[in-house]
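> Okay, here's the prediction I keep looking at, along with the sequence it came from:
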Amino acid sequence: MVLDKIEKLLEKYDNGETTLQEEQQLKDYFSQEVVAPHLEVYKPMFVYFLQTQKEQFTKTIPLQPKKTYTLYKWLSVAAIAVLMFAVYIQFGDQAKSMDELSQDELLAYNQTVEAFNLLASKFNKGTESMDALTLMSTSLEKGTENLSYLGEFSNTQNKIFKN
């Protein structure tokens, strides 16, 4: 009689329909030394539930918010602004036109422009490769969408033929 009641409670438990009192009855039953052999698989689960039910959280929780150092943040912003202003004043007036550059400066400028152009062409090649990956990703997404349609077809077929 008791075993029959436990089996019914287990069926309700598996369906998620038990009350807290019924779950406590299950925990009490499975905490015993002797359990029906065909119900042994449930014993570790309910013993675990009993053990974790007794655990308590002992760590203290800080209730005061952390102090933010906004003064230091604003000081760093102000320092960057002063530094940028100083660089502008120091080097802003020294800009020359292309006609005023010496032969060495003109050579350095042209080499720098060539280096930047080479760098830009390499970045463009990398961007083209990324475009191919984007195209492949789009195709993969379309394939996934088509597979979901196949799944819907399979579900409908199972409903019709009751599989």
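In hand now; what should we look at? Numbering: from 1, shown residues only.
> Just the CA coordinates for stretch 123-133, please, in PDB.
Extracted in PDB, the C-alpha atoms of stretch 123-133 (Å, rounded to 0.1, in the frame of the first residue of the first chain):
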ATOM      1  CA  PHE A 123      43.300  46.100 -45.500                       C
ATOM      2  CA  ASN A 124      41.100  46.100 -48.700                       C
ATOM      3  CA  LYS A 125      42.200  42.500 -49.400                       C
ATOM      4  CA  GLY A 126      41.200  41.500 -45.900                       C
ATOM      5  CA  THR A 127      37.900  43.200 -46.300                       C
ATOM      6  CA  GLU A 128      37.200  41.300 -49.500                       C
ATOM      7  CA  SER A 129      37.900  38.000 -47.600                       C
ATOM      8  CA  MET A 130      35.400  39.100 -45.000                       C
ATOM      9  CA  ASP A 131      32.800  39.700 -47.700                       C
ATOM     10  CA  ALA A 132      33.200  36.100 -48.700                       C
ATOM     11  CA  LEU A 133      32.700  35.000 -45.200                       C
END
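> start at 52 instead
Let's use 52 as the start, then, which means that last one is stretch 174-184.
> Give me the contacts around whichever helix or strand I131 is part of.
Take DSSP states H and E as the rule and I131 turns out to sit in helix 121-143. Helix 121-143 has contacts (Cβ atoms under 8 Å, 6 or more residues apart in numbering) with no other residue. Where you see a C-beta, it was placed from the backbone N, CA and C, and this is true even at glycine.
> shaky segments in this structure?
52, 117-120, 142-147, 177, 180, 183, 213-214 (pLDDT under 70).
> all helices of it, in order?
53-66, 71-81, 94-105, 121-143, 154-212 (DSSP state H).
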